[in-house]
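In: any chance you can model this:
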Amino acid sequence: MDWEILYSEQKKLDDYIYQVKKIDNKDTFPSRQLAFLVEMGELANELRHFKFWSLKPPSSKQIIIEEYVDGLHFLLSIGISLKHHYQPKVKKVHPLTKEEFVNYFLHLFTLGQKDLRKTHAFEELFDAFLMLGVYLDFSEQEIFDHYALKNEKNHKRQETEY
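Out: The predicted model follows:
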């Protein structure tokens, strides 16, 4: 994946938002960290693996990947504010059971609550997040394409005072 393209596109969006809203990216760091966690909650909700009480299946792959790239937007934004264009590392892994997905999300939430201003904490979270994409069987191209679509949508939202 060409991470520099994603960082560049995210920076354009972030800079536009900061300019229009007249804010500084340092002021929004805790909000972006919380936004990432919220997006992970929304993703978990669409996957439904933790909903032992329900027979309803997971949402469509389209909805799930949209939630996933929402999280990617915030991770890239956090990396930009740290002036750290990290190149995440992923590997092939076995599929996860529902219970393993639940535990993996709990792990992501734990990592997402660390002080992400520390390089190691940010890198650990980013690697874990990208591994989630592997577990969800998203290809790099699918992630890139859906990121581009959502980024375009986010620009339009800002232009219409979302």
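In: contact partners of stretch 149-161?
Out: Residues outside stretch 149-161 that contact it (C-beta atoms under 8 Å, 6 or more residues apart in numbering): Glu9, Gln10, Leu13, Tyr16, Ile17, Val20, Glu66, Val69, Asp70, His73. For glycine as for every other residue, the C-beta is placed from the backbone atoms N, C-alpha and C.
In: neighbour-wise, which of those residues leads?
Out: Neighbour counts for the contacts of stretch 149-161 (other C-beta atoms under 10 Å) peak at Val69, which has 24 neighbours.
In: what secondary structure does that residue sit in?
Out: Assigned by DSSP: H, G, I helix; E, B strand; the rest coil, the conformation of Val69 is helix.
In: what's near enough to touch it?
Out: Contacts for Val69 (C-beta under 8 Å, 6+ apart) come out as Ile143, His146, Tyr147, Lys150.
In: helix, strand or coil for the first one?
Out: Assigned by three-state DSSP, the conformation of Ile143 is helix.
In: number of nearby residues for it?
Out: The burial count assigned to Ile143 is 19, neighbours taken as other C-beta under 10 Å.
In: quick check: it touching Met1?
Out: Yes. Using C-beta atoms under 8 Å, Ile143 is in contact with Met1, at 6.9 Å.
In: secondary structure element holding the residue lying closest to Glu124 once chain neighbours are set aside?
Out: Setting aside the residues directly before and after it, Glu124 is nearest to Leu111 in space (C-beta to C-beta, 6 or more residues apart in numbering), at 5.7 Å. Here Leu111 sits within helix 98-112, counting by DSSP states H and E.
In: list the contacts of that helix.
Out: Contacts for helix 98-112 (C-beta under 8 Å, 6+ apart): 33, 36-37, 40, 44, 47, 49-50, 96, 121, 124-125, 128-129, 132, 135.
In: what does stretch 10-29 give?
Out: Applying C-beta under 8 Å, 6+ apart, the contact partners of stretch 10-29 are His73, Leu76, Ser77, Ile78, Ile80, Ser81, Leu116, Arg117, Asn151, Asn154, His155, Gln158.
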